[in-house]
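Peer 1: using only what follows, build the 3D model:
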Amino acid sequence: ADGDSFDDALSDYGTRTWWFRENQGGPATPWAYLSPVDFVTGVEEANQSVPLEFKIIGNYPNPFNPSTKIRYSLPSSGDITINIYNILGQRVFSKNLLNLSKGYHDFEFNANTFASGVYFYQIIYRNGITGQITNSNTGKMLLLK
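Peer 2: Here you go, the predicted structure:
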C-alpha cells in the first residue's frame, strides 16, 4: 500500500481501488474490482482481466451459422474438454484442449456438418495445479441454416 487511506473506498473510487506491488523487481499497478459488499470480483492488470473462477461466459453469435465462439475463463492453467450435445442429450462433438493458460479463452465451434437446431455445450476443467475437476454450467446455442 502507498499509505493513502479512505473512510469509504467505494464512495471515493466507485467500484474499484488500487495498490502497488512488485513485478519482476519493479512496480506494477493492478486494479481490483469490488462488489458492493467489498468482495474482490476481478483483477485487471495491464489492460488484461484475471478471472477468479472457472465459468462459461457464453457463445457468440447466437443464433449462428455455421460457426460460433464459446467464451470461458480459467483461474489457473489446466486442461479442458468441450462437449456439445444435441436436443436429445446425445454427445455429438468433443474436443480436448491441453495446457491452457489462466485467463479468458475462446473456442470456435464450426457446425458445418450439423443440422439446424438447438445444441447444448458444457466444459470440463481440470486444474493444472490441484488436479481438481470442475464441470461448467450448460450453455444453449441455436444453429440456423
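Peer 1: could you use CA atoms for every contact and neighbour count after this?
Peer 2: Fine.
Peer 1: hang on, residue 121 in a strand?
Peer 2: Yes: judged by DSSP: H, G, I helix; E, B strand; the rest coil, residue 121 forms part of a strand.
Peer 1: verify the stated contact: it with residue 135.
Peer 2: No: Residue 121 lies out of contact with residue 135 (Cα atoms under 8 Å); the separation is 11.0 Å.
Peer 1: of these two, which one has the most company?
Peer 2: residue 121 (22 against 15; other Cα atoms under 10 Å).
Peer 1: how about the residue nearest to that one when sequence neighbours are not counted, secondary structure?
Peer 2: Distances taken as Cα to Cα, 6 or more residues apart in numbering place residue 84 nearest to residue 121, at 4.4 Å, with adjacent residues excluded. Here residue 84 is strand, with the state taken from three-state DSSP.
Peer 1: residue 84: neighbouring residues, count only.
Peer 2: Neighbour count for residue 84, taken as other Cα under 10 Å: 21.
Peer 1: got a pLDDT number for it?
Peer 2: Looking at residue 84, its pLDDT reads 97.
Peer 1: which residues does it bridge with?
Peer 2: Beta-bridge pairing of residue 84 under DSSP bridges involves residue 93, residue 121.
Peer 1: list the contacts for it?
Peer 2: 91, 92, 93, 94, 119, 120, 121, 122 (Cα atoms under 8 Å, 6 or more residues apart in numbering).
Peer 1: check residue 118 too.
Peer 2: The contact partners of residue 118, by Cα under 8 Å, 6+ apart, come to 86, 87, 140, 141, 142, 143.
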